[in-house]
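S.K.: sequence and predicted structure, then a few things I'm wondering about:
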Amino acid sequence: MGCSGCGVRWFNRASVLCTMLLAFTYLFYCLAGVRALDNPLRSLLRAHPAQERRSRRDGGADSAESHALGDAREQRLRGGGDGGAAAAADDDDDAGTGIPVANSYGTKKVPQAIIIGVKKGGTRALLEFLRIHPDVRAVGAEPHFFDRFYDKGLEWYRSLMPRTLDGQITMEKTPSYFVTKEAPARVCAMNCHTKLIVVVRDPVTRAVSDYTQTLSKNPGLPTFQSLALKNATTGLIDTTWSAVRIGLYATHLENWLQHFPASHFLFVSGERLVSDPAGEMGRVQDFLGLKRVVSDKHFYFNQTKGFPCLKKPEGSSRPRCLGKSKGRPHPQIPSEVLQRLRDFYRPFNHRFYQMSGQDFGWD
Ligand SMILES: Nc1ncnc2c1ncn2[C@@H]1O[C@H](COP(=O)(O)OS(=O)(=O)O)[C@@H](OP(=O)(O)O)[C@H]1O
């Protein structure tokens, strides 16, 4: 029998094959075209800090952490072996991790606002929460310019800062400024209009937190009570121990008020930064003259960590809690020692409430 339908079948198969070939070629060119467009667009975004930040928030890498390490690495490079800002890692080993960001837009400016204290008050949390704001750019590690590295000069300090565009605020945090005698005059010599933020926390808990940090680095440290008390029988407090001295907030504030009016300060409650981060961030943004961008939609309470964390940005698989050195369990301290410290701090706390115009409820 002849094959009358063979030609037709062959023709049908050939046309299906041709159509598929055409469809694959078209698909291939589409994909190649998108990729070619995609790369320059990405590098453009990467070069622009505000855009970069927005792009990451919309599904890229962890913004705050990446910026932090970018800044820290830059500083390490700048500081070289001379103990520059990298030394800050000793104080705050949670300065962030991530990828450095190439950025050649904007200019480096000295900070218009500084988180000056207090050590173990919650300063890292505040800075990282602020970094979500598109109009805030902050250096990740602690520069320690107004206490340790003042002789390096203002240009050195400025060079550590991230670039900012018009309308963006440059910030840094170094909690030891609050207790440094020379710091207020030095900050004022740079700019007497600098806004100053102090995160304060119950001085007793703060002292235990400070001790916990030192203990983590030096397990052979004497007990808290032997360092806090001059004499166990009299119960006299040893104010020469820095963990105790830092908590005399009224005394340190008096020094700052010699150089800055009270209106230049914002006192943030370290306790409320944990119990109501969005509420406290509202006050901070108002003080800095920023639009209230950071709100309750940015936070969730992480049960495992026991602290508020930043909601992960869409498309990111990484949670944004602070690191292990923040929110550590504290050792058990005898209750009579804590009570003795509480009694000791009471008059200083009350004086501080008067000076700051806020009752922090520590007593
Ligand atoms: N969201 C969030 N996550 C983790 N930790 C938080 C948070 N908010 C405030 N805190 C509290 O911050 C305390 C550390 O304070 P600092 O960042 O100022 O410490 S440091 O001076 O920079 O070393 C740290 O003290 P410890 O609890 O003693 O570790 C925390 O209690």
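M.R.: Alright, I've got the coordinates.
S.K.: drop to CA atoms for contacts and neighbour counts, all remaining ones
M.R.: Will do.
S.K.: list the contacts of the residue in the stretch 251-363 of the chain positioned nearest to the ligand.
M.R.: Of the residues in the stretch 251-363 of the chain, the one nearest the ligand is residue 327, at a distance of 3.3 Å by CA to the nearest ligand atom. Residues near residue 327 by CA atoms under 8 Å, 6 or more residues apart in numbering: 305-307.
S.K.: please enumerate the strands of this structure.
M.R.: In the chain, the segments counted as strands under DSSP state E are 107-108, 113-117, 136-138, 163-164, 169-173, 195-200, 229-231, 236-237, 265-269, 299-302, 307-310.
S.K.: make TSV from those strands and add mean neighbour count and mean pLDDT to it.
M.R.: Putting the strands of the chain into TSV (neighbours: other CA atoms under 10 Å; pLDDT from 0 to 100) gives the following:
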stretch	mean neighbour count	mean pLDDT
strand 107-108	16	98
strand 113-117	24	99
strand 136-138	24	97
strand 163-164	22	98
strand 169-173	23	98
strand 195-200	23	99
strand 229-231	16	92
strand 236-237	17	96
strand 265-269	21	99
strand 299-302	16	95
strand 307-310	20	96
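S.K.: enumerate the residues of the stretch 1-150 of the chain near the ligand.
M.R.: By CA under 6 Å from any ligand atom, the part of the stretch 1-150 of the chain that sits against the ligand consists of 91-92, 119-125.
S.K.: returning to that earlier point: dump the contacts of residue 327 into TSV; add distance to the ligand as well.
M.R.: Shown next, in TSV, are the contacts of residue 327 (distance: CA to the nearest ligand atom, whole Å):
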residue	distance to the ligand
305	8
306	8
307	5
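S.K.: any chance of TSV for these, columns distance to residue 291?
M.R.: TSV is the format used below for the contacts of residue 327 (distance: CA to CA, whole Å):
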residue	distance to residue 291
305	30
306	29
307	25
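S.K.: the closest residue to residue 265 other than its chain neighbours and residue 253, how far apart?
M.R.: Spatially, and ignoring its direct neighbours in sequence, residue 265 is nearest to residue 196 (4.8 Å; CA to CA, 6 or more residues apart in numbering). The gap separating residue 196 from residue 253 is 11 Å, by CA to CA, to the nearest Å.
S.K.: ok, now residue 216?
M.R.: From residue 216 to residue 253 the distance is 29 Å (CA to CA).
S.K.: for residue 356, same thing?
M.R.: Distance from residue 356 to residue 253, by CA to CA: 9 Å.
S.K.: what does residue 259 give?
M.R.: As judged by CA to CA, residue 259 and residue 253 stand 10 Å apart.
S.K.: quick one, which of those two is more surrounded?
M.R.: residue 253 (20 against 16; other CA atoms under 10 Å).
S.K.: which residues does the more buried one contact?
M.R.: 178, 352.
S.K.: check what pLDDT it gets.
M.R.: On pLDDT, residue 253 comes in at 98.
S.K.: what's the answer for residue 233, then?
M.R.: The predicted local confidence for residue 233 is 86.
S.K.: quick one, phi/psi of the residue of the stretch 251-363 of the chain closest to the ligand?
M.R.: With angles defined as degrees, to the nearest 10, residue 327 sits at phi 90, psi 40.
S.K.: I'd say residue 111 and residue 164 touch.
M.R.: No. Taking contacts as CA atoms under 8 Å, residue 111 lies outside contact range of residue 164: 10.4 Å.
S.K.: shared neighbours of these two, anything?
M.R.: Residues touching both residue 111 and residue 164 (CA under 8 Å, 6+ apart): residue 170.
S.K.: next, count neighbours for the closest residue in space to residue 285 that isn't next to it in sequence.
M.R.: In space, and not counting its chain neighbours, residue 285 is closest to residue 292: 5.9 Å by CA to CA, 6+ apart. A count of nearby residues for residue 292, using other CA under 10 Å, gives 14.
S.K.: quick check: residue 292 touching residue 279?
M.R.: No. Applying CA under 8 Å as the test, residue 292 and residue 279 come out as separate, 10.5 Å apart.
S.K.: and the pLDDT at the nearest residue to residue 341 once chain neighbours are set aside?
M.R.: Excluding its sequence neighbours, the residue lying closest to residue 341 (CA to CA, 6+ apart) is residue 204, at 6.5 Å. Turning to residue 204, the model gives it a pLDDT of 98.
S.K.: how far away is residue 204 from residue 362?
M.R.: Distance, residue 204 to residue 362, by CA to CA: 9 Å.
S.K.: next one: residue 238
M.R.: 20 Å.
S.K.: kindly report the same for residue 235.
M.R.: 21 Å.
S.K.: who's in contact with residue 334?
M.R.: Residue 334 touches residue 225, counting by CA under 8 Å, 6+ apart.
S.K.: cool, and residue 197?
M.R.: 113-117, 265-268.
S.K.: please apply the same query to residue 109.
M.R.: Contacts for residue 109 (CA under 8 Å, 6+ apart) come out as 158, 161-164, 170.
S.K.: try it again at 7 Å.
M.R.: 158, 161, 170 (CA atoms under 7 Å, 6 or more residues apart in numbering).
S.K.: right, and the last one touches residue 133 too?
M.R.: No. When contacts are counted by CA atoms under 7 Å, residue 170 is not listed as touching residue 133 (11.7 Å).
S.K.: let me know the closest of the contacts of residue 327 to residue 107.
M.R.: Using CA to CA, residue 307 comes nearest to residue 107 of those, at 35.3 Å.
S.K.: name the nearest residue to that closest one, ignoring sequence neighbours.
M.R.: Nearest non-adjacent residue to residue 307, counting by CA to CA, 6+ apart: residue 301, 5.8 Å away.
S.K.: check contacts around the one you found.
M.R.: 307-309.
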